[in-house]
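> kindly return the folded structure for what I paste below:
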Amino acid sequence: MTAAIRLPGDPPGGRRAVAVWGLGVAVYFVAITYRTSLGVAGLDAADRFGINASALSTFSILQLLVYAGMQIPVGLLVDRLGTKKVLTLGIVLFTAGQLGFALSHTYAAALGSRALLGCGDAMTFISVLRLGSRWFPTRRGPLIAQIAALFGMAGNLISTLVLSRLLHDIGWTATFAGSALGGAVVLTLVLLFLKDRPEGHAPEPSPRHHTPGFVRRQITAAWREPGTRLGMWVHFTTQFPAMVFLLLWGMPFLVEAQGLSRAAAGELLTLVVLSNMVIGLVYGQVISRHHRARMPLALGTVGATALTWGAALCWPGEHAPHWLLVTLCAVLGGCGPASMIGFDFARPANPPERLGTASGIVNMGGFTASMVTLLAIGVLLDLTGDRYPVAFASVFVLEAFGLAQILRLRGRAHRRERERVVASRVETVHVPA
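A predicted model of the protein is given here:
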């Protein structure tokens, strides 16, 4: 009989891993709360700063522009500095941004605060992915990533259930300034307890950060892998419909176009989050056990999203029926878990020392699509006199473009991944049990 030797890159897992990784997830939870807080405050922001739909969408566009633009630099920083340092910097930045937003009285100051928030937010998720890969066995990767996204999405519940009520009860400044206390709490916990990897566990091979051309080589090597590019386009195509809905335009669409009260609209936004959490657990379990399910799940989510969006926007009459809006929100809950599949294509395509950079490339996809769609919807609403069906039709354009890229790359990525699996099996070391 033979037994495989535990390789230095195979983390142990266990209760300590759950505790340390949980700190990273708590940071991501706070970041998501701050990121999505504008989604329930969009109408209040328009009144506070006296702005139209295009100017309102600029808040989220700028935030996502900074977020997307920071993904590759953050990936490089995580590969170079480790998780703890990058997370600490991220917490400081997004907390300062949230506090600045609370105290802003001008449109320009508020824009600057959201940009700062986006910069800090950009440093969280890639760090959490890296933390999970350093503390848990590789086979747990898909499930760990989905659970991290699940708890992060729970931050949306704070926005929709708590912040929306506080805005009505205590006002803008007190609500946003009070929420900034969450950043101070997680900063303290990270500084005291977070560890980049288990004690006595060998780190992955260290890239030569100081050699000339390191950054270019790191990015180029990650991009050349078909799995990285496929992961980016899966993330691009699946994530943005729900992101746009939750981040800004869901509340105005449900209230102004569908005639719902704010309370009823808030319940539907909450449904998106709850559906996301349930579907995320299902997707994580399925992919962990059946690796080939990645592509069918991603494509199925794209198809279901397009079908329900089309039905809601093209329904005859002034408003879509309530059951259809419920169905739409439940289906949108699958967008976040489906976008996580993009990382499952990039992870086996890249060695551990390049995983942060590859994850940054993947994570750019959905946020770039979200940024483009947020801008398109805001501009089209102003041009058409708030005709939401016309403005929201921009969703289908980006879905079609992303789908074409997925279909173009999936065969190449599959062949390359199969080659790497075969090569790794040949290199596996066995000794007598």
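> quick one: contacts of stretch 218-230?
Residues from elsewhere that reach stretch 218-230 (CB atoms under 8 Å, 6 or more residues apart in numbering): 72, 76, 79, 207, 342, 345-346, 348-350, 354, 357-358, 361-362, 405-406, 409-410, 412-413, 416-417. For every residue, glycine as well, the C-beta is placed using N, CA and C.
> got the buried residues for that stretch?
218, 219, 222, 225, 226, 227, 228, 229, 230 (16 or more other CB atoms under 10 Å).
> again with stretch 322-342
325, 327-342.
> likewise for stretch 393-412?
Neighbour-count burial for stretch 393-412 [16+ other CB under 10 Å]: 393, 394, 395, 398, 399, 402, 403, 405, 406, 409, 410.
> what's the closest non-adjacent residue to residue 177?
With CB to CB, 6 or more residues apart in numbering as the criterion, residue 177 has its nearest non-adjacent residue at 3.9 Å, and that residue is residue 102.
> so the one you found makes contact with residue 175?
Yes - here residue 102 reaches residue 175: they are 7.4 Å apart, a contact under CB atoms under 8 Å.
> which one's more surrounded, those two?
Counted by other CB atoms under 10 Å, residue 102 and residue 175 do not tie: residue 175 has more neighbours, with 22 against 19.
> which element, helix or strand, includes the more buried one?
helix 172-179 (DSSP states H and E).
> thought residue 353 was touching residue 80?
No - Residue 353 lies out of contact with residue 80 (CB under 8 Å); the separation is 9.9 Å.
> and residue 38, how many neighbours?
There are 24 residues near residue 38, going by other CB under 10 Å.
> just residue 275 next, same as before
For residue 275, using other CB under 10 Å, the count is 22.
> name the nearest residue to it, sequence neighbours excluded.
Nearest non-adjacent residue to residue 275, counting by CB to CB, 6+ apart: residue 333, 2.4 Å away.
> just the ones of the buried residues of stretch 393-412 in helices?
In helices, defined here by DSSP state H, the members of the buried residues of stretch 393-412 are 394, 395, 398, 399, 402, 403, 405, 406, 409, 410.
> for these, give me TSV that also has distance to residue 151 and pLDDT.
Output for these, formatted as TSV (distance: CB to CB, whole Å; pLDDT from 0 to 100):
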residue	distance to residue 151	pLDDT
394	31	94
395	27	95
398	28	96
399	27	97
402	26	97
403	29	97
405	30	97
406	27	97
409	30	95
410	30	94
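> closest to residue 166 out of the residues you listed?
Using CB to CB, residue 395 is the member of these that sits closest to residue 166, with 30.7 Å.
> how about the helices in the stretch 1-150 of the chain?
Counting by DSSP state H, counting those that start in this stretch, the stretch 1-150 of the chain has helices at residues 15-49, 53-81, 83-103, 107-121, 125-135, 141-157.
> repeat for the stretch 301-433 of the chain
Going by DSSP H, counting those that start in this stretch, the stretch 301-433 of the chain shows helices at 322-332, 335-346, 355-384, 388-392, 394-427.
> got TSV for those helices, with distance to residue 213 too?
Shown next, in TSV, are those (distance: least, CB to CB, whole Å):
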stretch	distance to residue 213
helix 322-332	43
helix 335-346	22
helix 355-384	14
helix 388-392	44
helix 394-427	24
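> burial check on the nearest residue to residue 144 once chain neighbours are set aside, number of neighbours?
Closest residue to residue 144 apart from its sequence neighbours, by CB to CB, 6+ apart: residue 132 at 4.3 Å. Neighbourhood size, residue 132 [other CB under 10 Å]: 23.
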